[in-house]
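Peer 1: Would you be able to build a 3D model of this:
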Amino acid sequence: MTEASGRHTELCGATADRIEVRGRDLVRDLIGKLSFTEMFLFHLLGKDATPLQAALTDAVLVAIMEHGLVPSAIAARLTLLGAPESLQGAVAAGLLGVGDHFAGTASRCAEVLDDIVAAPAGERMARALATVRAFRAARKALPGFGHPTHRSGDPRVPRLLEIARAHGARGHYIEALSILEGALAEVLGRTLPTNVSAAIAVVLREAQIPTEAMRGIVLTARCAGLAGHLLEEMRAPAAEQMWHAAQDAVPYRAP
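Peer 2: You can find the predicted model right below:
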């Protein structure tokens, strides 16, 4: 693509003796001066991360990196078993399985919270109630609520909100989450646990991270987690046992 076409990228370019990212010299201005999280946000947003953005994104990356032997990790390990020469293929296989069910719905929850925050203060509970009822009428789960393991409460939620408050978050999204929790309890007649996806949505929006960037942040964290699973798989293989366990759990039965 030529420059005359009018299309260009503002992310990165290189010459024989210089690599430039977002207008800065990679070697002189960035390497050794920014942490990975700060560089990630600079690349993503095109400007230096604020202390709040760096702290909260870093907390989210740590919180969401490891999920145990969920399907994405199992897929990565089994792919490595079948193609041990392709670490990148195993990582890719795991990332392809990172979806709403096991990796969270932070971006979708953020959209709900954005709508509540945008409403006048006196109308936010009504907006939250209407949203919950709309999800119920459509027979869809409200993103950010419920957890198959942490049925009495996801321990990551209060910790992430605590970190947000400690770093000076304004609290608009924390308040919106509380309103949404109350609306959900009123409609259901019971309390449904808030999960880490809701907390991620809250703290990243408190840090003014765009909603559409959230899945990328989650995927970055999960990529790191899969690298750990795959190194363990190389050193202490378990995929073959998983394979045989699946065969035993789902035996063939003639139709």
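
Peer 1: Residue 211 touches residue 115, doesn't it?
Peer 2: No: using C-beta atoms under 8 Å, residue 211 makes no contact with residue 115, being 11.0 Å away. In this view, the C-beta of every residue, glycine as well, is placed from N, C-alpha and C.

Peer 1: Now do the contacts for the closest residue to residue 62 other than its chain neighbours.
Peer 2: Leaving aside its sequence neighbours, residue 62 sits nearest to residue 221 (C-beta to C-beta, 6 or more residues apart in numbering; 7.7 Å). Contact analysis of residue 221 by C-beta atoms under 8 Å, 6 or more residues apart in numbering lists 60-65.

Peer 1: Which parts of the chain are helices?
Peer 2: Counting by DSSP state H, one finds helices in the chain at the ranges 36-45, 51-64, 71-82, 87-96, 100-103, 106-118, 124-137, 156-166, 172-188, 196-206, 214-235, 239-249.

Peer 1: which parts of the second one are buried?
Peer 2: Within helix 51-64, the residues scored as buried using 16 or more other C-beta atoms under 10 Å are 52-61, 63-64.

Peer 1: Point out the other helices and strands that it packs with.
Peer 2: Using 3 or more C-beta pairs under 8 Å, 6 or more residues apart in numbering; DSSP states H and E, the elements in contact with helix 51-64 are helix 36-45, helix 156-166, helix 196-206, helix 214-235.

Peer 1: Buried deepest among the ones you listed, which one?
Peer 2: Most buried of the helices and strands packed on helix 51-64 by mean neighbour count (mean count of other C-beta atoms under 10 Å) is helix 196-206; its value is a mean of 28.

Peer 1: Residues in contact with that helix: which ones?
Peer 2: Outside of helix 196-206, the residues within contact range by C-beta under 8 Å, 6+ apart are 52, 56-57, 59-60, 63-64, 104-107, 109-110, 113-114, 117, 143-145, 154, 156-157, 160-161, 163-164, 169-174, 176-177, 180, 211, 213-214, 217-218.

Peer 1: Low-confidence regions, the stretch 151-255 of the chain specifically.
Peer 2: Along the stretch 151-255 of the chain, the parts satisfying pLDDT under 70 run over 151.

Peer 1: So which residues make contact with stretch 109-123?
Peer 2: 124, 126-128, 131, 142-144, 172-173, 176-177, 179-180, 197-198, 200-202, 204-205, 211, 214.

Peer 1: could you redo the last one with a cut-off of 10 Å?
Peer 2: Residues external to stretch 109-123 that are found in contact with it (C-beta atoms under 10 Å, 6 or more residues apart in numbering): 105, 124-128, 130-132, 135, 142-145, 172-177, 179-180, 183, 194-195, 197-202, 204-206, 209-214.

Peer 1: Quick one: buried ones out of these?
Peer 2: 105, 124-125, 127-128, 131-132, 135, 142-145, 173-177, 179-180, 183, 194-195, 197-202, 204-206, 209, 211, 213-214.

Peer 1: before we move on, back to that, now the helices and strands packed on helix 51-64 in CSV, with distance to residue 28?
Peer 2: Formatted as CSV, the helices and strands packed on helix 51-64 follow (distance: least, C-beta to C-beta, whole Å):
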stretch, distance to residue 28
helix 36-45, 14
helix 156-166, 32
helix 196-206, 30
helix 214-235, 25
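
Peer 1: give the contact list for residue 75.
Peer 2: Residue 75 touches 90, 92-98, 226, counting by C-beta under 10 Å, 6+ apart.

Peer 1: Pull out the buried residues from these.
Peer 2: Applying 16+ other C-beta under 10 Å to the contacts of residue 75 flags 90, 93-95, 97-98, 226 as buried.

Peer 1: okay, now residue 237: neighbour count?
Peer 2: Burial of residue 237 is recorded as 14 neighbouring residues (other C-beta atoms under 10 Å).

Peer 1: ok, it - contacts?
Peer 2: Neighbours of residue 237 in contact, by C-beta under 10 Å, 6+ apart: 77, 80-81, 84.

Peer 1: Quick one, which of those residues are buried?
Peer 2: 77, 80-81.
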